[in-house]
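Novice: fold the following and give me the result.
(chains A and B)
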Amino acid sequence: MAVATTPEDLSRLMSRIGAGDRGALRQLYDATSAKLFGVCLRILSDREESEDVLQEVYVTVWRRADRFDASRASVMTWVSTIARNRSIDRLRARGPMAYAEPVEEMDLPDDKAVGAEALLVAAGEEGRLHNCLSELDDRTENVIRTAFFEGVTYDALARRMDTPLGTVKSWVRRGLAKLKGCLEQ
Amino acid sequence: MSEAPELPEAEAFAAEHALGVLSAVERRSAETRMAADPAFAAQVEAWRERLGPMIDEVAAITPPTAVWTRIERELPANDNASEKVMRDLRFWKRATVGSLGLAAAAMVLTVLIANQPPLMVQAPPPGQLLNASLVSQTGQPQPLFVAAYDPVRKALIVTSLVTPGNDPGHVHELWVIPADGKPRPLGILEPGKTRSMPMPSTLLPSLVDGSALAVSLEPPGGSPKVDTPTGPITAVGKLAKI
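Specialist: Got it, this is the predicted structure:
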């Protein structure tokens, strides 16, 4: 089966899912589940929990597809936000400090040649974010990336870096303000 | 890069929520605020779009095939369309208009319940953060009301996005319609205002994923009937996990 890939394809799938078309959900799953599973694993570092969360994500997509508004969000951001939010909630439920230590990078095989994908990405919209991130000082870039990819709180970041919470918070806030300024240029 | 101006407090909070750096309690308050404050919700969404491309760096990993099987098993029959809610509503409105049959049925039910052995009392689950957008049936996508249920405060926070002063002769009354299809009145909503409605423990079992919320147009003071809207239904929506 041809996998839907363009944003327009995905958007069309969403309206079919909203109307109750299970085949469309399957197509969305084929197109996006590997990426979302990667996102869950990155945050949770646990296969079993990530599978549970992934299941919840697509059931949520099924239920809420009628609320998707293509004028406000892209499908990929919308579904990956659900995946990140569910993973982060799961992570928070483990306890406030369960993730104060950096996780060991899991040894996971990649499906696709990431290099080629990264090259494609660098050419488009996404490339701008990467460029803007790399314009931040290393420490700020690192904190923002860690927060995004591992879903850790200010509290945990402060503990990891052995830095007062207020300081970490001002690094992040200043970094986000710079990022916005750079993206708007 | 030149020094950027600081983000205003609300936007900074929105950005932190999109980044995922907030604690469980702060996340909950951000979600509640999103449901009640469309401008804040738009800021969170804008930040999600800004940061979203970062996931391109995450390696794609194919999940085991069993995951899809589990998803398929869990799919409810399509309850996406709010048509079903409307159908249910019409059904019970018709059924209650001068229906002696219903009163008789209610009596039978009362007898049945009275004859049941006492139920085991179970501690209620902690509850989930839920939200709903209530839209009119005219096909306009903009919600007329937004609601969020905060399980910690046991309160439903509802914002009316209706312009005040358009219809001083009527009020908007909010109802919850749980799985049993029987509406429970929740209170009157003032146009353009946000209200935090504490929920009595008897209503908590109704505030679950999939329950419908509806707003009816009523005479001042609310529906003269305790458990039935009397006016037309202005908007409907479903509570869903955030």
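Novice: going by C-alpha atoms from here, please, whenever you check contacts or count neighbours.
Specialist: Noted.
Novice: for chain A, give me the ranges with low pLDDT.
Specialist: Within chain A, the ranges that satisfy pLDDT under 70 run A:1-4, A:95-126.
Novice: quick one: the helices in it?
Specialist: A:7-18, A:22-44, A:47-64, A:75-93, A:114-123, A:125-135, A:138-150, A:154-161, A:165-184 (DSSP state H).
Novice: what lies in contact with the last one?
Specialist: With contact meaning C-alpha atoms under 8 Å, 6 or more residues apart in numbering or on different chains, helix A:165-184 is reached by A:128-129, A:132-133, A:136, A:140-141, A:143-144, A:154-155, A:157-159, B:1-7, B:12, B:15-16.
Novice: swap in the fourth one?
Specialist: Taking contacts as C-alpha under 8 Å, 6+ apart, the residues outside helix A:75-93 that touch it are A:7, A:10-11, A:14, A:32, A:36, A:39-40, A:43-44, A:50, A:53-54, A:56-57, A:61, A:68, A:99, A:151-152, B:20, B:23-24, B:48-49, B:52-53.
Novice: looks to me like B:Val215 is in a strand.
Specialist: Yes: secondary structure of B:Val215 (DSSP: H, G, I helix; E, B strand; the rest coil): part of a strand.
Novice: could you find the closest non-adjacent residue to it?
Specialist: Nearest in space to B:Val215, with sequence neighbours left out and distances taken as C-alpha to C-alpha, 6 or more residues apart in numbering or on different chains, is B:Leu174 at 4.5 Å.
Novice: mind listing what the helix or strand hosting that neighbour pairs with, with the direction of each?
Specialist: Using DSSP states H and E, the element containing B:Leu174 is strand B:171-177. Strand B:171-177 has its sheet partners listed here by DSSP bridges as strand B:184-189 (antiparallel), strand B:212-218 (antiparallel).
Novice: which of the contacts of helix A:75-93 count as buried?
Specialist: Buried members of the contacts of helix A:75-93, counted by 16 or more other C-alpha atoms under 10 Å in any protein chain shown: A:10-11, A:14, A:32, A:36, A:39-40, A:43-44, A:50, A:53-54, A:56-57, A:61, A:68, A:99, A:151-152, B:20, B:23-24, B:48-49, B:52-53.
Novice: any idea how far the nearest residue to B:Ala36 once chain neighbours are set aside lies from B:Pro143?
Specialist: The shortest distance from B:Ala36 to any non-neighbouring residue, by C-alpha to C-alpha, 6+ apart, is to B:Thr159 (5.5 Å). Distance, B:Thr159 to B:Pro143, using C-alpha to C-alpha, to the nearest Å: 10 Å.
Novice: count residues in the vicinity of residue 157, would you?
Specialist: Because you didn't say which chain, this covers chain A. 23 (other C-alpha atoms under 10 Å in any protein chain shown).
Novice: correction: the question concerned chain B.
Specialist: For B:Ile157, the count of nearby residues is 20 (other C-alpha under 10 Å).
Novice: correct me if wrong: it contacts B:Met199.
Specialist: No: if you go by C-alpha atoms under 8 Å, B:Ile157 and B:Met199 don't touch, sitting 10.2 Å apart.
Novice: rewinding a little: buried set for the strand holding B:Leu174?
Specialist: Result for strand B:171-177 [16+ other C-alpha under 10 Å]: buried residues B:171-177.
Novice: would you reformat the residues you listed as JSON lines and include distance to A:Thr77?
Specialist: Shown next, in JSON lines, are the buried residues of strand B:171-177 (distance: C-alpha to C-alpha, whole Å):
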{"residue": "B:Val171", "distance to A:Thr77": "38"}
{"residue": "B:His172", "distance to A:Thr77": "35"}
{"residue": "B:Glu173", "distance to A:Thr77": "35"}
{"residue": "B:Leu174", "distance to A:Thr77": "33"}
{"residue": "B:Trp175", "distance to A:Thr77": "33"}
{"residue": "B:Val176", "distance to A:Thr77": "31"}
{"residue": "B:Ile177", "distance to A:Thr77": "32"}
